[in-house]
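**Q** sequence and predicted structure are below.
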Amino acid sequence: IFPGDAKAWKSAIAKNAESLKTDVDSINAQIVHHVETTLARAAFNVDEMAMYQAAALSVRDRLIHNWDVTQTFHTQARTKRVYYFSLEYLLGRGYDNALLNLGVRQPYNEGLKGLGFNMEDVIDVERDMGLGNGGLGRLAACYLDSTSTLDIPCWGYTLRYSQGIFKQIIDSSGNQVEVPDPWLENQNPWEIPRLDNAVEIKFHGEATPGEGGKGPGTWTGGLDVLAVPYDIPVPGYKTQTTNNIRAWSARGKVSFDLAKFNAGDYDAAVREAEEAETITRVLYPNENFDKGKALRLKQQYFWVAASLHDICRRFRKLRVPWSEFPDYNAIQLNDTHPTLAIPELMRILVDEEGQPWDEAWEIVRRTFSYTNHTVLSEALEKWSVPLVEWLLPRHLQIIYEINLDMLKDVEKKWPNDRARLARMSLIEEGYPKMVRMANLAVVGSHRVNGVAALHSHLVQQDLFPDFVEYLGRDHFGNVTNGVTARRWLLQCNPSLAKLITDTLGSDEWVVNLDKLEGLTKYAKDKAFQKKWAACKQANRERLCDYIEATLGLTVNRHALIDVQVKRIHEYKRQFMNILGVIFRYLQLKKMSPADRKRLVPRLSVFAGKAAPGYYIAKLIIRLCNAVSKTINADKDIRESLSVAFLPDYSVSLAEIIIPASDISEHISTAGTEASGTSNMKFALNGGLLLGTLDGANIEIAEAVGDENVFFFGHVTPDVPKLRRAHHFGEVQYPAELLEVVDAIRSGMFGEAGVFEPLLGTLFEGKDHYLVSDDFLSYLQAQKMVDEAYVDQPSWVEKTINSTARMGRFASDRAVLQYAEEIWNIEPIKIPQDA
Ligand code: CBF
């Protein structure tokens, strides 16, 4: 229905669509249009940043067009939608990715050239959208890319933090210093503000339960905050489907209190607005660690309440009974962060929509599913009951009621089993009592999954064994993580991607990663190996250039590049890696120059951020930098070994590092890393894994073959026994480790005392992450790497086979599995004429 003359509208719409033509001239006209009107600049006044913005805005026009078509089509077809609730979306840069997915990279390249700009330089000025900490947030970004590519109707919901993940600076002593990341400073071209769709969100106030606990309750008074949505279109690869990420920003209901201002209280005039805005001011920088801060709980409720408000508003327009809600909506809880959505939907259904409690509960359980991303106890979310009561009084009543129902049921099945009731209860007894979010997510969902086979097994065996008995095995499952080949091969490694496409005779692998299998028949082919190795060398050079430019460090450009890049955490054992580097250094120092020359030269690359309050992780960073300072300054060793700690790890830095690696380390203590996803990216780019039998490493080894990975260390069932041995002081420390510790204590890497607390984690019954137990086999595995690398044809063959067999780690496979097994949703292609 058009306001006014339908003909006029239709003709204008057609003309507008026509203006989005993809020949070079039209593209340049679109870019210049934004230079002149949106940016209000003249040609002589366009620098790289302005060109990036104008070009990005012209790309955004295309995205918005596709977005409109997609959303209108999905709405009219009344399709079911998936809603991926993730407190983090680590999107990285958008420009190059959008060009590739829209299939217009080539004409844009040419167009920019004509306008006097180089594509790579323009790409480089874009700031990362760093709305996440690490694996969990990047996974969400990969999954959204896959839903669009696979034509699965999907919206992501998240928060629009004014400050994303902090920028990491390394000071002159090698310490991490955190500075804010005001990523919105230069305006974000990828988002569309929807000021007219703002929603009011309430906190605090008074609540009364409904009759008998299950009737409609009330929630009055309290403080209202505005949630303003910003939409980020997510293009699929060569498809019109463009899904959406809706990110909420907090505003005060009244931005300026004129009465208070007039009374002379200037601070009070803006206080309420500022307090509201604090909710989305900053991303919590912890990964795999729960701090229980009130503001974080506020963020979580603000986000899920706004998102559910949106979803329910859309559902009401369908005018079907609420019992059909799960037929139109599937909500995936990405970890426990959005678990408050469960009581919130109950509140909407029972208190606002008058649905009977039991029917509402049925709707809720059919709607939600929950992905667990960690078994680490320090990361499992619990909120204090007094805090929940203060912030969300009605929700606490609802949680109590859900708990009562469940406990009655459990009591019926296992009479007089008080220990079981205590374990399963949604409320943990103590001072204060705590709400166990994971238990709530499990009972409020119809399906719970882990993110790799081993992890999903541990979720059932160690985390929720009582719930497996209570709800049945079918309630639990596994969906091994995956990554998108669009960003993590096509975009980050264009030379290798081209070689693959030329060799396979098609680029179908980009949307069907299993096609890479076709490369195995070239793995031994000398001519192909040569081209393959040339791509690696070019990527290696690019990384070496970057290291030189950022650290001023000149490195051997033919060294084997050994990489460990991820969040810095004790369980990931960067500590073991740097101890290994020291061991290598000590060995090299003992060798004659001739012997040294015979050894494979190494470049050890580290990158990663530590949570600001994580003292030991920060000491690990300091040690890496101290070691690199000593080794890189040692002229005798420089050709054989150098160490680089690259500051401020991000998605775009990963895009430079991953294609260059020969070996990447994924060396967590067995049973601690849920999955890992960078392991997949490295193996996909022909980097071999040095790893433990943990997370998705195990499945990667199964896929690429044991002969193409270097695995070591104890396995998960060994871990409790080994920890006990430490506890009782029954551990023999290997001489190699003690030699390294002595070297640190001797001051070889600067002020020794500084590292004492870190070294202390190895001794006196601690060594919780079993560094001392795995150190020897780690060194052994490193030796095997050196030996294997000498035989280059066989090494290159391994790396080709690694890439070729990574098909099953596509995020497309993972998303299809979610769609079929959990969301019950089918892809729906948008017709050409839509
Ligand atoms: O599943 C995605 C990733 O999530 C984490 O990063 C997390 O935040 N819990 C895990 O630590 C990773 O193992 C996992 O790959």
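**A** Yes, it's here.
**Q** how about the nearest residue to the closest residue to the ligand within the stretch 51-200 of the chain, chain neighbours excluded?
**A** At 2.7 Å from the ligand, G135 is the closest residue in the stretch 51-200 of the chain, using Cβ to the nearest ligand atom. Every residue, glycine included, has its C-beta placed from N, CA and C. Excluding the flanking residues, the one nearest G135 by Cβ to Cβ, 6 or more residues apart in numbering is T677, at 5.4 Å.
**Q** the ligand contacts on the stretch 601-750 of the chain?
**A** Counting by Cβ under 6 Å from any ligand atom, the residues of the stretch 601-750 of the chain close to the ligand are 673-677, 695.
**Q** where does the chain come near the ligand, residue by residue?
**A** 134-136, 139, 287-288, 373-374, 451, 481, 673-677, 695.
**Q** switch to 5 Å and redo it
**A** For the chain, the contact set with the ligand under Cβ under 5 Å from any ligand atom comprises 134-136, 139, 373-374, 451, 673-677.
**Q** returning to what we had before: what about the residues of the stretch 601-750 of the chain next to the ligand, which one has the most neighbours?
**A** Comparing these by number of neighbours (other Cβ atoms under 10 Å), E673 comes first, having 31 neighbours.
**Q** which of the three states applies to the closest residue to that residue other than its chain neighbours?
**A** Nearest non-adjacent residue to E673, counting by Cβ to Cβ, 6+ apart: G695, 4.1 Å away. Secondary structure state of G695, per DSSP: H, G, I helix; E, B strand; the rest coil, is coil.
**Q** give me phi/psi at G695?
**A** Main-chain torsions, G695, degrees, to the nearest 10: phi 50, psi -140.
**Q** the closest residue to L426 other than its chain neighbours: neighbouring residues, count only.
**A** Of all residues not flanking L426 in the chain, N403 sits nearest, at 4.2 Å (Cβ to Cβ, 6+ apart). For N403, the count of nearby residues is 19 (other Cβ under 10 Å).
**Q** N403 contacts I427, correct?
**A** Yes. N403 is within contact range of I427, at 6.1 Å (criterion: Cβ atoms under 8 Å).
**Q** and the residue of the stretch 51-200 of the chain closest to the ligand, how far is that from S425?
**A** 30 Å (Cβ to Cβ, to the nearest Å).
**Q** which helix or strand lies directly C-terminal to the host helix or strand of A594?
**A** Following DSSP states H and E, one finds A594 within helix 593-598. Per DSSP H and E, the first helix or strand lying C-terminal to helix 593-598 is strand 602-607.
**Q** what segments of the stretch 651-800 of the chain are helices?
**A** Applying DSSP state H, counting those that start in this stretch to the stretch 651-800 of the chain gives helices spanning 651-657, 678-684, 697-704, 719-727, 735-745, 756-760, 771-790, 792-804.
**Q** from the ones you listed, which stretch is densest packed?
**A** helix 678-684 (a mean of 28; mean count of other Cβ atoms under 10 Å).
**Q** list the contacts of the residue nearest to L426.
**A** By Cβ atoms under 8 Å, 6 or more residues apart in numbering, N403 lies in contact with 425-427.
**Q** and it, that's in a strand?
**A** No. Counting by three-state DSSP, one finds N403 to be helix, located in no strand.
**Q** how close does it get to the ligand?
**A** Counting by Cβ to the nearest ligand atom, to the nearest Å, the gap from N403 to the ligand is 26 Å.
**Q** do I have it right that S255 meets A273?
**A** Yes. Taking contacts as Cβ under 8 Å, S255 lies within contact range of A273: 4.8 Å.
**Q** export the residues of the chain next to the ligand to TSV and tack on pLDDT and distance to G94?
**A** Converted to TSV, the residues of the chain next to the ligand look like this (pLDDT from 0 to 100; distance: Cβ to Cβ, whole Å):
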residue	pLDDT	distance to G94
G134	96	19
G135	98	20
L136	98	20
L139	98	18
H373	98	25
T374	98	28
V451	98	25
E673	98	29
A674	98	27
S675	98	25
G676	98	25
T677	98	20
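**Q** which one of these is nearest to M748?
**A** Nearest to M748 out of the residues of the chain next to the ligand is E673 (Cβ to Cβ; 30.9 Å).
**Q** before we move on, the earlier item: ok, G135 and S425, which is more surrounded?
**A** G135 (25 against 18).
**Q** let me know the pLDDT of K15.
**A** Per-residue pLDDT puts K15 at 89.
**Q** in the host helix or strand of it, which residues are buried?
**A** Counting by DSSP H and E, the element that carries K15 is helix 6-18. By 16 or more other Cβ atoms under 10 Å, helix 6-18 has no buried positions at all.
**Q** show me what secondary structure element comes after it.
**A** Immediately after helix 6-18, counting by DSSP H and E, sits helix 24-33.
**Q** helices or strands next to that next one in the packing?
**A** Counting contacts by 3 or more Cβ pairs under 8 Å, 6 or more residues apart in numbering; DSSP states H and E, helix 24-33 packs against helix 48-76, helix 105-114.
**Q** what's the angle from that helix to helix 48-76?
**A** 100 degrees (axes from the mean of the first three to the mean of the last three Cα atoms, to 10 degrees).
**Q** any idea of the mean pLDDT for helix 24-33?
**A** Mean pLDDT, helix 24-33: 96.
**Q** starting at the chain centroid, how far to that helix?
**A** Its chain's C-alpha centre and that of helix 24-33 lie 35 Å apart, by Cα atoms, centre = their mean, to the nearest Å.
**Q** ok, how many other residues are close to R313?
**A** 11.
**Q** swap that for Y431, please
**A** Using other Cβ under 10 Å, Y431 has 6 other residues around it.
**Q** again with W155
**A** Quick note: W155 (other Cβ under 10 Å) scores 23 neighbours.
**Q** how about low-confidence regions in the chain?
**A** Judged against pLDDT under 70, the chain has no low-scoring part.
**Q** tell me the residue furthest from the middle of it?
**A** A263 (48.0 Å; Cα atoms, centre = their mean).
**Q** who's in contact with that one?
**A** Counting by Cβ under 8 Å, 6+ apart, A263 has no contacts.
**Q** can you give me phi and psi for the closest residue to the ligand within the stretch 501-650 of the chain?
**A** For the stretch 501-650 of the chain, the residue closest to the ligand is R567, as judged by Cβ to the nearest ligand atom, at 7.4 Å. Here is the backbone geometry of R567 (degrees, to the nearest 10): phi -60, psi 150.
**Q** wait, it sits on N286?
**A** No. Assessed by Cβ under 8 Å, R567 is found out of contact with N286, at 9.5 Å.
**Q** element containing E548?
**A** E548 is part of helix 526-551 when elements are defined by DSSP H and E.
**Q** next SSE downstream of that helix?
**A** Note on helix 526-551: by DSSP H and E, the next helix or strand toward the C-terminus is strand 560-565.
**Q** contacts for that following strand?
**A** Against strand 560-565 from outside (Cβ under 8 Å, 6+ apart): 540, 543, 572, 574, 577, 600-608, 646, 649, 653-654, 657-658, 660-665, 667, 678, 682, 687, 690, 785-786, 789.
**Q** restricting to C-alpha, output it in CSV.
**A** Output of strand 560-565 as CSV, limited to C-alpha atoms (Å, rounded to 0.1, in the frame of the first residue of the first chain):
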residue,chain,number,x,y,z
LEU,A,560,59.2,-21.2,10.6
ILE,A,561,56.4,-19.1,12.0
ASP,A,562,55.0,-20.5,15.2
VAL,A,563,51.9,-18.6,16.4
GLN,A,564,49.8,-18.5,19.5
VAL,A,565,47.1,-15.9,19.3
